[in-house]
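1. Please find the sequence and the predicted model below.
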Amino acid sequence: MSRTSTVMERAVPAILAGWFVASVLGQHPDRSYDKVRSGDKTGTGILIPNWRFFAPNPAVEDQHFLYRLANEDKTEHTEWREVYSIAPRKLIHAFWFPGRRAEKAIFDVASTLLNNPGAMTPLHKEAKESAYLLVNEFVRRRLTPEPGFPLFQVLLVRYSGYDHSEDPKYDMVFDYEEVNP
Amino acid sequence: MSRMTFPKLTTAGMAACLAAGLAHQGYATLATRSGHAGFERHRLRCDSGNLITYHVRRGAAGGPTLVCDAGLMNSSAAWLLVADHLDPAISVVLHDRAGYRTSLRRCPEDYSLGESVNDLVEVIADAVPTDGPCVLTGHSLGGYLAHRAAAAAPDRVHGLVLVDPTHPRELLHSRRQREGSRGVNLTMKLGPWSSVFGTGLLIDKKGLFSFAEGSPHLRTLRLEGSAPSTWRAGRREWDYSYAFMLDGGRPLDRLRIPVSVVAADSTMRDTPEHQDLYDEYVASGNGGRIVTIPGSSHLSITGGVEHAPLTTRAIEDAVAAAAAQYAGEDRQEQGATA
């Protein structure tokens, strides 16, 4: 065997193993741990990719909007109430489930609000403002008003819906809105 | 010699990385056990069961004492740069909340902010001489805890300086804050477990601690970020305070002492709605004012070599005002006794 092929036989597995190890170390979901990935000087992240590229957060929970009513000076509130209930899944839903449309729309709007929290480009801002308006209007049309409570506030919650031992996760509280603008 | 195949090399590489991470984690943990140069270390068992460590640098006898509480994920080390610039006549007490550095959490109940507040009140009672004024200062979450501690110990605390403090309503008041807090939430969820496996080495600390570039305490701060105990304590506090703030917290206590706020320039610029919250802090006391440190960020305000001296000056001003008020009250008391 020639000297070149011996060197290649040793160097190639070593380089590939090093690359593999660097890729494994670059998979932490939190970007604060991207020290290894910063070694990729192409600036594209293509040499040490991260699985976030494909499916950063697979959906395993439902998004719920809760609301509460508030008095004029926001010192008194009602309890948090559900705007709508997620329908329990049945076998037939695999074939026909028109009610899923509303849930999907809510999930997409919630994703717009929750993803890229730091993104503040005009486009992102516009998308988020529209999402806030949409959600507030959605809740306004479904809430049960009470005298003495002219304001309402929306809370975005994630909840698995099947595992009741797990606490809901509070994602976002909206600004106060008028019940009758 | 056996042939080095890809699986063998990969396994060896992963094992070497894990070993390096664990060694780094162990070294970071050991480093957080040491005291601070120029400070005496004291241990106090609090009523909560927690074993709290605090560090004291004595100033002039009968002079003012400044008690410092750090923010979330920060310990007494976060105040060292400010202490370096502080007038040596002022006694300094640096406090480590339960779980940070050598302070041990032994409270049998679930964590609440009240636990940290009560521990801080006991540290003040133990560490601060009664013959001089005591000024309490806190950064970030430590600012809110200091405010509550001042309300819980009205006879012992004579002034309050809040350095870019957390406000219990800030997540309701500021949409930007709420959105930013979700990123922190992810970091705090994953941090404690990650640190156990030595992933502190993977943190881009050069960027994370760029605010402290040139500080003599940079290394201490960086190592604390790799210690699992720091992450566990931070996660415990974050879990409680995140839900607490999302729910609107609770109204601020009314105080009979001056409350001053030292604000970070970035906070005032990026979230101008914070002005209302800081106004509310100042209004909760008797006097005080807001001072903004030009060019500072939330972390550089105490840890940046450029900004810490300015923060120190603002704190010294507040200490001087509290000391003057204390001396006036003392003279009145002596006159009444005579």
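-> That came in fine, so what should we check first?
2. Please count neighbours and contacts with C-alpha atoms only from this point.
-> Fine.
3. what does chain A have sitting close to chain B?
-> A:10, A:13-14, A:16-18, A:20-21, A:25, A:30, A:32-36, A:114, A:117-118, A:170-175 (Cα under 8 Å from any Cα of the partner chain).
4. Could you pick out the buried ones from these?
-> The neighbour count (16 or more other Cα atoms under 10 Å in any protein chain shown) marks A:13-14, A:17-18, A:20-21, A:25, A:30, A:32-36, A:114, A:117, A:170-175 as buried among the residues of chain A next to chain B.
5. Sitting in helices, which of these do you find?
-> A:Pro13, A:Ala14, A:Ala17, A:Gly18, A:Phe20, A:Val21, A:Leu25, A:Leu114 (DSSP state H).
6. Count residues in the vicinity of residue 101, would you?
-> I'll assume chain A. 10 (other Cα atoms under 10 Å in any protein chain shown).
7. sorry, should have said chain B
-> Count around B:Arg101 with other Cα under 10 Å applied: 26.
8. give me every residue that touches it.
-> B:Thr32, B:Arg33, B:Ser75, B:Ser229, B:Thr230 (Cα atoms under 8 Å, 6 or more residues apart in numbering or on different chains).
9. Quick check, the last one in contact with B:Met73.
-> Yes - when contacts are counted by Cα atoms under 8 Å, B:Thr230 is listed as touching B:Met73 (6.0 Å).
10. what about these two, which has more around it?
-> B:Thr230 (25 against 20).
11. hmm, who's touching stretch B:172-192?
-> Contacts for stretch B:172-192 (Cα under 8 Å, 6+ apart): A:30, A:32, A:114, A:117-118, A:171-175, B:170-171, B:228-229, B:231-232, B:234-235, B:238, B:245-248, B:271, B:273-274.
12. one more time with 7 Å, if that's ok
-> With contact meaning Cα atoms under 7 Å, 6 or more residues apart in numbering or on different chains, stretch B:172-192 is reached by A:30, A:117-118, A:172-173, A:175, B:170-171, B:228, B:231-232, B:235, B:246, B:248, B:273.
13. cool, stretch B:203-212 as well?
-> Stretch B:203-212 is contacted from outside by A:Ser32, A:Tyr33, A:Asp34, A:Lys35, B:Leu218, B:Arg222, B:Leu299, B:Ser300, B:Gly303, B:Gly304, B:Val305, using Cα under 7 Å, 6+ apart.
14. List the contacts of the residue of chain A found nearest chain B.
-> For chain A and chain B, the shortest gap (Cα to the nearest Cα) falls at A:Tyr33, measuring 4.1 Å. The contact partners of A:Tyr33, taken as Cα under 7 Å, 6+ apart, are B:Leu202, B:Ile203, B:Asp204.
15. Buried only: go through the residues you listed for me.
-> B:Leu202, B:Ile203, B:Asp204.
16. What are the boundaries of the helices in chain A?
-> A:3-25, A:100-114, A:122-142.
17. can you put the ones you listed in CSV and add distance to B:Arg156 and mean pLDDT?
-> CSV is the format used below for the helices of chain A (distance: least, Cα to Cα, whole Å; pLDDT from 0 to 100):
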stretch, distance to B:Arg156, mean pLDDT
helix A:3-25, 51, 89
helix A:100-114, 44, 81
helix A:122-142, 47, 86
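18. So for B:Pro294, which of these sits nearest?
-> The minimum distance between B:Pro294 and these falls on helix A:122-142, with 27.2 Å, by Cα to Cα.
19. can you give me the strands for the stretch 201-338 of chain B?
-> Assignment of strands within the stretch 201-338 of chain B using DSSP state E, counting those that start in this stretch yields the ranges B:259-264, B:290-293.
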